[in-house]
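Enquirer: Okay, structure incoming, though there's no sequence with it:
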């Protein structure tokens with residue numbers, strides 16, 4: 001049994017792609033021709049015996065205007081995927097005297113009745129809706145030459161389609177040569193020659209699919225008015241499509257929610273005096289959501305209710321310097337926000353005796369009732385995760401190198417874990433160490449001088465962010481404290497132990513937070529009213545309440 005694919009041009013001046021699969025799904029023929037006679041000669045060895053040809057071209061057209069009923073029916077199901085069919089009617093010159101598709105069927109002596117049980121037959125197929133169903137696409141791939149499309153984007157989309165086909169068709173040297181042509185195409189016309197043959201492989205596979213699983217295909221229309229056979233749109237596609245449409249509607253609100261969550265997490269961490277490298281956030285793109293919503297495992301959709309089950313629609317990422325700060329961030333967020341789930345993926349990986357992905361994932365409830373995924377990881381964990389994701393999931397790892405890549409990624413993860421431990425040790429040994437005092441006679445306190453001074457003043461405190469030293473140095477200027485000597489006199493009058501007792505820190509506060517509380521205790525409302533504190537006066541007054549019991 002042979003399955004023939006014909007991406008038929010509507011005239012003999014344009015190229016027609018031809019492909020043939022054998023009974024085992026192996027690609028045994030791939031070519032590009034022009035004339036009807038060339039089509040006949042190329043396919044003759046494959047249509048002498050049992051065969052089914054999938055032809056991408058109208059076989060039956062009887063309506064004088066508009067679209068065929070088959071096209072109208074298919075469009076209702078597939079228009080949302082941008083996979084609708086163009087109208088065919090006898091008012092168009094190419095169909096005025098019959099169809100080229102029907103002529104090819106007669107030339108090859110193929111029965112074109114979709115209900116025929118004959119062993120040598122042909123059906124009309126359409127690659128675009130077929131790829132949507134077969135590969136779970138949210139919309140058709142844009143590899144056709146249309147106005148405004150660039151060569152590079154067309155090439156990338158065509159290569160995606162070829163990647164999909166390589167998972168369901170056993171290819172060979174002719175396919176490898178075609179792929180090389182696509183990768184090195186210098187003009188859109190070069191892609192056009194390859195595109196016809198790729199579409200022909202799709203047509204051949206649809207013929208195989210229709211023969212093997214007739215219960216999983218839909219025939220739009222009929223022999224009398226024209227028909228199109230294509231894999232049936234599954235309920236999962238409909239659910240995913242509806243979810244994507246709703247997500248697209250919600251997307252602007254999610255972007256705003258992501259901005260609010262970044263501001264909230266930043267405020268919570270700054271208030272706690274936690275040292276971190278960055279806090280960033282994003283709303284999941286519509287494209288990324290659509291890809292995730294369409295995922296299947298063993299033929300079953302991963303998400304029955306994508307809008308509810310995909311929980312990273314709003315994401316915030318906190319990058320810290322060392323591993324101990326990851327735990328501190330998770331603790332302070334747990335104390336200030338409602339955490340629905342908390343997973344330490346690094347511990348899970350370690351419990352399996354492996355090195356690999358490490359990140360703390362918190363699922364936090366938003367003020368609007370939605371959720372936000374907060375990822376907390378060190379800068380080294382982040383570097384490993386981003387590089388591994390780009391290589392393994394966005395790139396193509398040759399099969400012959402996969403095991404070696406796995407070993408190297410594991411080795412890198414182990415080395416980075418060791419580096420994280422060493423960074424923690426370095427910081428712990430530096431904390432409380434002797435610090436050379438700055439020249440106290442110089443007016444104005446620089447952030448660097450302040451950092452050195454506070455390291456000695458609060459030996460048990462964690463480091464603070466560099467920009468926080470700059471910020472609080474500005475507040476000292478607003479208080480008129482322009483020398484370390486003047487600052488020392490103020491701090492000498494503050495009971496630091498009582499502040500620690502009253503504030504009952506649930507996590508090691510940074511040096512800037514310790515100074516912040518000391519200045520609040522010393523100056524009270526005057527400190528609250530400083531211009532540099534305008535954005536947090538309510539928080540400072542709440543702290544005064546705790547200090548005074």
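Expert: Happy to help now that I have it. In this text, all values refer to a predicted model and were calculated from it rather than measured experimentally. Numbers count the residues shown, from 1 in each chain.

Enquirer: helix/strand/coil for the residue nearest to residue 343 when sequence neighbours are not counted?
Expert: Distances taken as Cβ to Cβ, 6 or more residues apart in numbering place residue 361 nearest to residue 343, at 4.8 Å, with adjacent residues excluded. C-beta: built from backbone N, CA, C; applies to glycine. Recorded secondary structure, residue 361: strand (DSSP: H, G, I helix; E, B strand; the rest coil).

Enquirer: What is the burial count for residue 361?
Expert: Look at residue 361: counted by other Cβ atoms under 10 Å, it has 18 neighbours.

Enquirer: so how far is residue 213 from it?
Expert: 40 Å (Cβ to Cβ, to the nearest Å).

Enquirer: any idea of the mean pLDDT for stretch 88-101?
Expert: Average pLDDT, stretch 88-101: 93.

Enquirer: tell me which strands and helices the strand or helix carrying residue 291 is in contact with?
Expert: Residue 291 belongs to helix 286-293 when elements are defined using DSSP states H and E. Judged by 3 or more Cβ pairs under 8 Å, 6 or more residues apart in numbering; DSSP states H and E, helix 286-293 is in contact with helix 235-272, helix 306-309.

Enquirer: Would you tell me which one of those helices is buried the most?
Expert: Mean neighbour count (mean count of other Cβ atoms under 10 Å) peaks for helix 235-272 among those, with a mean of 17.

Enquirer: List the pairing partners of the helix or strand just after that helix within its sheet, with orientation.
Expert: The helix or strand immediately downstream of helix 235-272 is strand 278-283, counting by DSSP H and E. Strand pairing for strand 278-283, determined by DSSP bridges: strand 314-320 (antiparallel).

Enquirer: how about the strand it pairs with: buried residues?
Expert: Under the neighbour-count criterion of 16 or more other Cβ atoms under 10 Å, strand 314-320 has 314-320 buried.

Enquirer: and if you look at stretch 135-143?
Expert: For stretch 135-143, by 16+ other Cβ under 10 Å, it's 135-141, 143.

Enquirer: could you give the mean pLDDT of that stretch?
Expert: Averaging pLDDT along stretch 135-143 yields 86.

Enquirer: for the stretch 101-250 of the chain, what spans make up the helices?
Expert: In the stretch 101-250 of the chain, the segments counted as helices under DSSP state H, counting those that start in this stretch are 127-135, 151-166, 173-183, 188-212, 235-272.

Enquirer: Tell me the helices and strands packed up against the shortest one.
Expert: Helices and strands in packing contact with helix 127-135 are listed as helix 69-78, helix 151-166, helix 188-212, strand 226-231; criterion 3+ Cβ pairs under 8 Å, 6+ apart.

Enquirer: got it, and the second one?
Expert: Helices and strands in packing contact with helix 151-166 are listed as helix 127-135, helix 173-183, helix 188-212; criterion 3+ Cβ pairs under 8 Å, 6+ apart.

Enquirer: Check the buried residues of stretch 135-143 and tell me the two furthest apart.
Expert: Using Cβ to Cβ, the buried residues of stretch 135-143 span at most 17.5 Å, a distance reached by 136 and 143.

Enquirer: Distance of the nearest residue to residue 160 once chain neighbours are set aside relative to residue 159?
Expert: Spatially, and ignoring its direct neighbours in sequence, residue 160 is nearest to residue 141 (5.8 Å; Cβ to Cβ, 6+ apart). Distance, residue 141 to residue 159, by Cβ to Cβ: 10 Å.

Enquirer: before we move on, the earlier item: can you pull the pLDDT of the residue nearest to residue 343?
Expert: Looking at residue 361, its pLDDT stands at 90.

Enquirer: got a list of what it touches?
Expert: Shown in contact with residue 361 (Cβ atoms under 8 Å, 6 or more residues apart in numbering): 341-345, 373-376.

Enquirer: bridging residues for it?
Expert: residue 343, residue 375.

Enquirer: distance of it from residue 329?
Expert: To residue 329, residue 361 is 12 Å away according to Cβ to Cβ.

Enquirer: With residue 235 instead?
Expert: From residue 235 to residue 329 the distance is 42 Å (Cβ to Cβ).

Enquirer: Which single one of the buried residues of stretch 135-143 is nearest to residue 208?
Expert: Using Cβ to Cβ, residue 135 comes nearest to residue 208 of these, at 15.3 Å.

Enquirer: That closest one is in contact with residue 163, isn't it?
Expert: No - using Cβ atoms under 8 Å as the test, residue 135 is too far from residue 163 to be in contact (9.3 Å).

Enquirer: Is there a neighbour count for the nearest residue to residue 121 once chain neighbours are set aside? I'd like the number.
Expert: With Cβ to Cβ, 6+ apart as the criterion, residue 121 has its nearest non-adjacent residue at 4.2 Å, and that residue is residue 111. The number of residues packed near residue 111 is 15, by other Cβ under 10 Å.

Enquirer: Can you name the residues that contact residue 111?
Expert: Residue 111 makes contacts with 105, 118, 120-122, as judged by Cβ under 8 Å, 6+ apart.

Enquirer: Switch those over to JSON lines; also include distance to residue 153.
Expert: Shown next, in JSON lines, are the contacts of residue 111 (distance: Cβ to Cβ, whole Å):
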{"residue": "105", "distance to residue 153": "36"}
{"residue": "118", "distance to residue 153": "43"}
{"residue": "120", "distance to residue 153": "40"}
{"residue": "121", "distance to residue 153": "38"}
{"residue": "122", "distance to residue 153": "34"}
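
Enquirer: Now which of these would you call buried?
Expert: Among the contacts of residue 111, those scoring as buried are 105, 120-122 (criterion: 16+ other Cβ under 10 Å).

Enquirer: Pick out whichever of those sits closest to residue 284.
Expert: residue 122 (43.9 Å).

Enquirer: which residues touch that closest one?
Expert: 4, 52-55, 59, 104-105, 108, 110-112.

Enquirer: same thing with residue 309?
Expert: residue 303.

Enquirer: do you know how far it is from residue 301?
Expert: 10 Å.

Enquirer: try residue 178
Expert: 32 Å.

Enquirer: Then residue 9?
Expert: Relative to residue 301, and taking Cβ to Cβ, residue 9 is found at 37 Å.

Enquirer: ditto for residue 109
Expert: Applying Cβ to Cβ to residue 109 and residue 301 gives a distance of 42 Å.

Enquirer: Give me the phi and psi angles of residue 310.
Expert: Main-chain dihedrals, residue 310, degrees, to the nearest 10: phi -80, psi 110.

Enquirer: Nice, that's everything, thank you.
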